[in-house]
Structures are given as structure tokens and as C-alpha cells.
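# Sequence plus predicted model, see below.
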Amino acid sequence: NAGVTQTPKFQVLKTGQSMTLQCAQDMNHEYMSWYRQDPGMGLRLIHYSVGAGITDQGEVPNGYNVSRSTTEDFPLRLLSAAPSQTSVYFCASSYSRTEKEAFFGQGTRLTVV
Amino acid sequence: QQQVKQSPQSLIVQKGGISIINCAYENTAFDYFPWYQQFPGKGPALLIAIRPDVSEKKEGRFTISFNKSAKQFSLHIMDSQPGDSATYFCAASPLNSGYALNFGKGTSLLVTP
């Protein structure tokens, strides 16, 4: 099993550019989430999905869009990148609302210049 | 607002010593309290987790102590080793939520030889 796979690992964007961070899991998990990690801030929830076709906002959703057309994939879109979005992004998945162990990907380090 | 408060921010322990990291929360709807370990350049990985119906859980050298009335929980690492040097995050998840982990800001642990 690959677990949670994120691509790319590193990305540099110019202000105003758009891009999609990819996330895929092969564990048949119902729940998937995106977090951003900033120094001294811990991990903060951006968006989450409780199943295919169902998404909702987390703590810091502004500037990001998500969709979930399949159980396996949960891409995160930056519509118009800003320097404040410079961060490390982690995708996570968990099996259900009772089986809560979250598995994280290796992260995408994004720099917006 | 930070729903889970973690301390200390950093910790230096000698090899063989006990590392203790503390977390506090306010939301009584939390029913799942995991600890994650993160090495540089990697995603967080679940170390140990506890539910509020028990006061202590031990796995090898790692123990969670949970005080429901005080709304506090802590991680104890016995016989700390240099390989334990990492960042540790506590988190909490509400009842019936498989996606929303509220993280503390993290503790950077250094175990010296």
C-alpha cells in the first residue's frame, strides 16, 4: 500500500499563478483533509471531505478550493497564489468518524514569490 | 483560536531521561486525543492516542496521561533516546468527526547523547 501520496513535493509559484496540489489515498478511507503547517502554528485545517462529492471548509479556507469526485483523490487548488500561502501542505485521510487514525502524506512545500 | 494549547515549545532532555509534553483543551465535545511525531521533511505520524474513558495508555516507552476533569493530557517518553528527537504535536477531535483534528502548536524535542 502506498498510503497517502502527495505531489509535487516542492513548488515555487509567482504571485497570482494558480496550481493544484494532488492527493491520493489507496486505503479506501472515507475522510480526507488538507492542512497547512506554518512555523510555530501547528497544523491548521483548510478543507475536508467526508466522502465523494461532499466537501466543506475548515479553519483557514480562504484562497483554496477543493473537490472530491472519487474516494481516492482530493486535490487542493490555489486559484491566485499569494505570498501568505507559502507553507507546507499536508493531505490526510482517515477511515471513518469512529476509526479516526489519520494518515498523512509527505507534504508539499510551496513557496510563493 | 487555538483549541488545543501545548507546552513547552521546545524541550532538551538527556539520553535516558523522561520527556514530558503537556496539552490542554476547552471543548468538552472532544473525544479523541492523539499524539503525532514528525521528523524533518516528513509528514506527521500517529504515535499513540487515547479516548476520554481511560486515564492512561501505554505503548512501549510512550505513555499518555489523561485528566478529564482538568481537560489536560500529556505525553511521557520514558528512557528518551536521540532517535526520539522530533517535533511532537498533540491534537483533539470532536465526537463523530473523522476529519477535524485540532492541533497544538508543537514541541520540538532534542534528546542529547
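Ah, there it is.
# contacting residues around the spatially closest residue to B:F66 that is not a sequence neighbour?
In space, and not counting its chain neighbours, B:F66 is closest to B:F73: 4.5 Å by Cβ to Cβ, 6 or more residues apart in numbering or on different chains. Every residue, glycine included, has its C-beta placed from N, CA and C. Applying Cβ atoms under 8 Å, 6 or more residues apart in numbering or on different chains to B:F73 gives the contacts B:N22, B:C23, B:Y25, B:F33, B:I50, B:I64, B:S65, B:F66, B:N67, B:C90.
# Quick check: residues of chain B near chain A?
Within chain B, the positions near chain A by Cβ under 8 Å from any Cβ of the partner chain are B:2, B:6, B:9, B:32, B:34, B:36, B:41-46, B:49, B:89, B:93, B:96-106.
# which stretch of helix or strand covers the residue positioned nearest the centre of chain A?
In chain A, the centroid-proximal residue (Cα atoms, centre = their mean) is A:W34; its distance is 3.0 Å. Assessed by DSSP states H and E, A:W34 sits inside strand A:31-38.
# Show the pLDDT at B:S93.
Looking at B:S93, its pLDDT is 89.
# right, I mislabeled it, should have said A:C91
Listed pLDDT for A:C91 reads 97.
# of all the contacts of B:F73, which comes closest to chain A?
Set against chain A, the nearest of the contacts of B:F73 by Cβ to the nearest Cβ is B:C90 (9.2 Å).
# List the beta-bridge partners for the spatially closest residue to the closest one that is not a sequence neighbour.
Leaving aside its sequence neighbours, B:C90 sits nearest to B:C23 (Cβ to Cβ, 6+ apart; 3.7 Å). Under DSSP bridges, the beta-bridge partners of B:C23 are B:Q6, B:F73.
# quick one, what contacts B:Y36?
A:F104, B:P44, B:A45, B:L46, B:L47, B:Y88, B:F89, B:C90, B:A91, B:F103.
# For those residues, which two are the farthest from each other?
A:F104 and B:C90 (15.2 Å; Cβ to Cβ).
# So between those two, which is more surrounded?
Applying other Cβ atoms under 10 Å in any protein chain shown to A:F104 and B:C90 shows that B:C90 carries more neighbours, namely 30 against 22.
# Packing partners of the one helix or strand A:H47 maps to?
Using DSSP H and E, A:H47 sits within strand A:42-51. When contacts are defined as 3 or more Cβ pairs under 8 Å, 6 or more residues apart in numbering or on different chains; DSSP states H and E, strand A:42-51 packs onto strand A:31-38, strand A:54-57, strand A:64-66, strand B:102-103.
# tell me which residues in the second one are buried?
This points to strand A:54-57. By neighbour count on 16 or more other Cβ atoms under 10 Å in any protein chain shown, the buried set for strand A:54-57 is A:T55.
# B:I12 is in contact with B:T107, correct?
No - the pair B:T107 / B:I12 is not scored as a contact, 11.1 Å apart, by Cβ atoms under 8 Å.
# In terms of neighbours, single out the busier of the two.
Comparing B:T107 with B:I12 by other Cβ under 10 Å, the one with more neighbours is B:T107, at 22 against 13.
# Including distance to A:T111, could the contacts of B:Y36 go into JSON lines?
Shown next, in JSON lines, are the contacts of B:Y36 (distance: Cβ to Cβ, whole Å):
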{"residue": "A:F104", "distance to A:T111": "20"}
{"residue": "B:P44", "distance to A:T111": "21"}
{"residue": "B:A45", "distance to A:T111": "25"}
{"residue": "B:L46", "distance to A:T111": "28"}
{"residue": "B:L47", "distance to A:T111": "29"}
{"residue": "B:Y88", "distance to A:T111": "26"}
{"residue": "B:F89", "distance to A:T111": "23"}
{"residue": "B:C90", "distance to A:T111": "28"}
{"residue": "B:A91", "distance to A:T111": "26"}
{"residue": "B:F103", "distance to A:T111": "22"}
